[in-house]
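Trainee: Provide a 3D model corresponding to the input given below.
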Amino acid sequence: MRMEKNIIIIPARYKSIRFPGKPLEKIAGKSMIQFIYDSIKDYKHIDEIIVATDDEKIADHCQNNKIPFALTSNLHQSGTDRVAEVAKRFPVDYNIINLQGDEPFIKDSDIYTLMETLERSSDGIATLACPIKEEHQRQNPNRVKVVFNNHQDAMYFSRYDIPFRKKDIFEHLSFQHIGIYGFKNKILQILTQLPAGRYERAESLEQLRWLEAGFKIKIGFVADALFSVDTPEDLMEANKRVI
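Mentor: Model (predicted):
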């Protein structure tokens with residue numbers, strides 16, 4: 001009998017700087033939160049899904065649409081901290097999946113790859129990456145890049161195009177980080193107690209805090225990046241994709 005379980009927690013903020021109210025904006029007539037929940041609720045390897053929010057509007061929306069949710073502190077600095085607060089109610093050996101509330105097109109295969117990667121992780125932290133196929137995406141600071149070692153553990157994440165390549169190097173080396181994480185709950189609770197690191201402050205990437213503290217992040221690989229909704233223009237594109 002399987003003892004550990006897989007819990008997806010979706011952090012959702014209403015007061016986004018770039019796109020206020022984003023979780024309640026509509027994709028194909030559904031709020032983004034409901035669209036994501038309906039898309040993943042029947043995945044067979046998921047045991048529970050919870051929306052984690054500090055906003056009453058989002059909480060009321062979830063309650064009205066029978067979406068499981070938890071109200072959290074409004075003092076959290078990151079979605080990971082919000083996820084960790086909710087995860088405290090579960091046993092330490094459970095798998096906690098941090099799925100961003102702006103990833104409406106997450107696939108069953110993506111989540112399965114993340115879970116399989118988590119099982120191979122020595123330190124109980126996993127995430128995903130995919131090849132970068134377009135030059136302009138390599139130069140885009142909003143597309144986080146990752147380099148990894150022969151064991152598929154991350155060595156560094158950056159908004160800069162890494163690694164630097166001489167003109168005579170043609171091997172495919174550019175990989176984009178996909179911001180969905182899997183944690184063993186015990187490790188997640190430890191990570192949220194770490195102080196901010198130097199490289200995290202420089203790049204505004206919280207996963208660098210974990211690397212600087214000496215934790216290993218196992219990388220799983222998928223073919224393509226997820227389509228994230230960060231702006232109203234992205235929302236328009238998302239609606240086109242479901243027509």
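Trainee: From here on, just use CA atoms for contacts and neighbour counts.
Mentor: Will do.
Trainee: Show me where this protein has its helices.
Mentor: Secondary structure of the chain by DSSP state H: the helices cover 32-40, 56-64, 79-87, 108-120, 135-138, 185-191, 198-203, 207-212, 232-241.
Trainee: And the second one, what's buried?
Mentor: Right, helix 56-64. Along helix 56-64, these residues count as buried under the neighbour rule (16 or more other Cα atoms under 10 Å): 58, 59, 61, 62.
Trainee: returning to what we had before: what's the most buried one of the helices of the chain?
Mentor: The highest mean neighbour count among these, using mean count of other Cα atoms under 10 Å, belongs to helix 79-87: a mean of 23.
Trainee: Need the residues that contact it.
Mentor: 9-12, 52-53, 70, 72-73, 76, 96, 98, 100, 185, 188-189, 192 (Cα atoms under 8 Å, 6 or more residues apart in numbering).
Trainee: Swap in 7 Å and give it another go.
Mentor: By Cα atoms under 7 Å, 6 or more residues apart in numbering, the surrounding residues in contact with helix 79-87 are 9, 11, 52, 70, 72, 76, 98, 185, 188, 189, 192.
Trainee: and the angle for the longest strand seen in the chain with helix 108-120?
Mentor: In the chain, taking DSSP state E as the definition, the longest strand is strand 175-184. Angle, strand 175-184 to helix 108-120, by axes from the mean of the first three to the mean of the last three Cα atoms, to 10 degrees: 60 degrees.
Trainee: How about the contacts made by the residue nearest to residue 69 when sequence neighbours are not counted?
Mentor: Of all residues not flanking residue 69 in the chain, residue 51 sits nearest, at 4.4 Å (Cα to Cα, 6 or more residues apart in numbering). Residues counted as contacts of residue 51 (Cα under 7 Å, 6+ apart) are 9, 10, 11, 12, 68, 69, 70.
Trainee: quick one: the longest strand of the chain to chain centroid distance?
Mentor: In terms of Cα atoms, centre = their mean, to the nearest Å, the centre of strand 175-184 is found 6 Å from the chain centre.
Trainee: So what touches it?
Mentor: For strand 175-184, contacts defined as Cα under 7 Å, 6+ apart pick out 93-100, 114-115, 118, 124-132, 143-146, 225.
Trainee: Which entries within those meet the buried criterion?
Mentor: 93-100, 114-115, 118, 124-132, 143-146, 225.
Trainee: Return the subset of those residues lying in strands.
Mentor: The strands, defined by DSSP E, take in 95-98, 125-131, 145-146 from the buried ones among the contacts of strand 175-184.
Trainee: Now do the same for residue 81: its pLDDT.
Mentor: Looking at residue 81, its pLDDT stands at 95.
Trainee: actually residue 24, not the one I wrote
Mentor: pLDDT recorded at residue 24 is 95.
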